[in-house]
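*Asks:* coords please:
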Amino acid sequence: MAEKRDYYEVMGVPKNATDAEIKQAYRKLAKKYHPDLNPGDKEAEAKFKEVNEAYEVLSDKDKKARYDQFGQAGVDPSFGGGAAGGSPFTGGINIDDIFNSVFDGFDFGGFGFGGGRRANPNTPRRGGDSEATVSIGFEEAAKGCKKTVNYQKVDACPDCHGTGAKNGTEPKTCPQCGGSGQVRVSQRTPFGVVQTARTCDRCGGTGKVIDDPCRTCNGSGRVKREKTIEISIPAGIDNEQVLNVGGRGNAGVNGGPSGDLHVYVSVRPHPIFERRGNDVWCEMPITFPQAALGAEVVVPTIDGKVEYQVHAGTQPGDVFKLKGKGIPKLGGRGRGDQYVRMTIEVPKNLSQRQKDLLTEFDSGADDKNYQKRKTFFDKIKDMFGE
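*Replies:* Residues are numbered from 1 along each chain as shown. From the prediction side, this is the model:
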């Protein structure tokens, strides 16, 4: 009998490897050499057997201790150290237990171990969701509106009513899988006969066969259609928010419910207003005399024009608030405010009379008339000690 390779060498780990490192190495090697992934490869089958034999010893605390102390003699039954009633490889090992505990849901191309069950292919399934985009104006988003949306969805074929079979005929139960959508294959391995399951190649996993397919849908039972729907957009919707319209998505399978329609809302920018949360901001230009003397001005809002009394001495950048003139909150829980930032317009193309008046005004003014100027010159005096 050929001498066996060192188990640590087989696993590709050092002798001080942790349990986690040994387990990780086993996952990688067992998947690499598994017979289901290497059909007919005798060398891969031999390596798979060797890897499992090494892992069976190194994953067991007692066996690993004997192997570390005595080598192969510590686990070989001919030396009294192996599992009773069998070889150190097969004695007491359940291949299903190894794969269930180690691979934690690894998918070997659709093959299962221990006769695991799969979902019934004829079970009703929910349809997928559809998507659409709608563009609305700033005021429409603030106040709510109704919009017509065009989108594509998958519907049951109108000619075959979703069966996929030509009108007047019906699908038949697949004779190869008996309607389960899967066939079981027995394969002889070093552990004995192992049963695996694969998708039935006759019905493609549906459990049904169609002898005379519908020409409209080519036997799929589903067709893509253009749909139009009117939706209500609530007041307060914001840019890039998504509306969900239940039951307007793709048709379900096997009588399952339809999916939903997701409508992505795009809000066009406004030339005057800017949205910040539920508040609205805008700039209000006024003349120098209005800012200096005070005046009643007309301010635009999303609800229309309102009058506001600008106080005398208003400075550029001053902000006043119009309470409750902002965006309604979704669900009708109040609304935000509107903030108005003042800007002062500097006159152009002055007549000589106007220039003379401004010159006369400026010559008679002092720092007391200009709060910001006074503050500035005060800082200069503080710097130079004057």
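*Asks:* can you count the residues close to the closest residue to residue 295 other than its chain neighbours?
*Replies:* Computed as Cβ to Cβ, 6 or more residues apart in numbering, the closest residue to residue 295 that is not its neighbour in sequence is residue 310, at 5.3 Å. For the C-beta atoms, the positions are set from N, CA and C on the backbone; glycine is no exception. Residues contacting residue 310 under the criterion other Cβ atoms under 10 Å number 20.
*Asks:* Am I right that residue 310 is in contact with residue 293?
*Replies:* No - with contact defined as Cβ atoms under 8 Å, residue 310 does not count as touching residue 293 (9.2 Å).
*Asks:* could you pull out the helices for the chain?
*Replies:* With helices called from DSSP state H, the chain shows them at 7-11, 19-33, 42-58, 61-70, 95-102, 138-143, 288-293, 352-364, 371-384.
*Asks:* ok, of those, where does mean pLDDT dip lowest?
*Replies:* Within the helices of the chain, the stretch with the lowest mean pLDDT is helix 95-102, showing a mean of 46.
*Asks:* pLDDT score for the residue nearest to residue 295?
*Replies:* Reported pLDDT for residue 310: 94.
*Asks:* Return the distance of it relative to residue 256.
*Replies:* Computed as Cβ to Cβ, to the nearest Å, the residue 310 to residue 256 distance reads 64 Å.
*Asks:* Where does pLDDT dip in the chain?
*Replies:* Applying pLDDT under 70 to the chain picks out residues 1-2, 36, 77-120, 189-192, 365-386.
*Asks:* how does it look with 50?
*Replies:* Within the chain, the set of residues satisfying pLDDT under 50 comprises 1, 79-116.
*Asks:* Domain-wise, how is it divided?
*Replies:* Here the domain parsing of the chain from automatic domain parsing is 7-102, 126-166+218-269, 271-346, 351-386.
*Asks:* Turn the ones you listed into TSV, including distance to residue 186.
*Replies:* Converted to TSV, these look like this (distance: least, Cβ to Cβ, whole Å):
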stretch	distance to residue 186
domain 7-102	12
domain 126-166+218-269	30
domain 271-346	60
domain 351-386	92
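*Asks:* what's the neighbour count on residue 11?
*Replies:* 24.
*Asks:* what's near enough to touch it?
*Replies:* Neighbouring residues of residue 11 by Cβ atoms under 8 Å, 6 or more residues apart in numbering: 17, 22, 25-26, 29, 51, 54-55, 58.
*Asks:* what about it, distance to residue 47?
*Replies:* Counting by Cβ to Cβ, the gap from residue 11 to residue 47 is 12 Å.
*Asks:* Can you pull the residues that touch both of the two?
*Replies:* residue 29.
*Asks:* how about the contacts of residue 11 in CSV, adding distance to residue 230?
*Replies:* Below are those laid out as CSV (distance: Cβ to Cβ, whole Å):
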residue, distance to residue 230
17, 66
22, 63
25, 61
26, 60
29, 60
51, 63
54, 68
55, 63
58, 67
